[in-house]
Every structure is written in C-alpha cells, then in structure tokens.
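1. What follows is a predicted structure for the sequence shown.
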Amino acid sequence: MKYLVRILFLIVLGLIAFGYYHKNNGNTEGDKWVGIGVLVLAFILMPVFIYHRYRNKKLKDYELNFNFKEDNNTENQ
C-alpha cells in the first residue's frame, strides 16, 4: 500500500509537470493534463492515502464524547 501511494504521487506530479511544460511551450492542451493530475490527486490519491494512514488505528481514541448526564447531588454544593 505504501508503494501504491508513492507511485500515485509520482504519477500526479508527472501529469502536472507535463501539463505545465506543454502550457509553457504554447500548446493549449497543457491545461487538460494539469486538470487530469488534479482530479487523480483529489479522487484517487487522497482516498487511498487516508485509507492507508487510518487502516490500523483505533478511531475511538480520537472521538469526542460529551457526557450530558448531570449528577443532582453536585448541583447544590
């Protein structure tokens, strides 16, 4: 999984760099490659990265639990 995240990251950087290279050379299709890179980043790389980082974590440790039960004995003191 770690290698998949790294490979996807390199692909995203490559797509964005390829798009900017074509855009600077006057080709109008550079924006398309940058957009594809951003879409891959947002819809493929980020969910895979989040799944990879939180796969074996206990999320109960990070959850806020509010206890709204009031003890009537402590109100008068």
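-> Sure, I can see it.

2. C-alpha only now, for contacts and for neighbours.
-> Will do.

3. And the helices in this structure?
-> Along the chain, the stretches classed as helices by DSSP state H are 2-24, 30-40, 46-54, 72-75.

4. Pull out the buried residues from the longest one.
-> Under the neighbour-count criterion of 16 or more other C-alpha atoms under 10 Å, helix 2-24 has 5, 8-9, 11-13, 15-20, 22-23 buried.

5. could you check the distance from the spatially most central residue of the chain over to H52?
-> Centroid-nearest residue in the chain: M46, 3.1 Å away (criterion: C-alpha atoms, centre = their mean). Going from M46 to H52 by C-alpha to C-alpha, to the nearest Å gives 10 Å.

6. got it, and G19?
-> Counting by C-alpha to C-alpha, the gap from G19 to H52 is 28 Å.

7. Same question for I11.
-> Distance of I11 to H52, given as C-alpha to C-alpha: 18 Å.

8. would you list the helices of the chain in JSON lines and tack on distance to D61 and mean pLDDT?
-> As requested, those are exported to JSON lines (distance: least, C-alpha to C-alpha, whole Å; pLDDT from 0 to 100):
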{"stretch": "helix 2-24", "distance to D61": "24", "mean pLDDT": "95"}
{"stretch": "helix 30-40", "distance to D61": "31", "mean pLDDT": "96"}
{"stretch": "helix 46-54", "distance to D61": "12", "mean pLDDT": "92"}
{"stretch": "helix 72-75", "distance to D61": "28", "mean pLDDT": "58"}
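
9. could you dump these to TSV with distance to N65?
-> As requested, the helices of the chain are exported to TSV (distance: least, C-alpha to C-alpha, whole Å):
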stretch	distance to N65
helix 2-24	32
helix 30-40	36
helix 46-54	20
helix 72-75	21
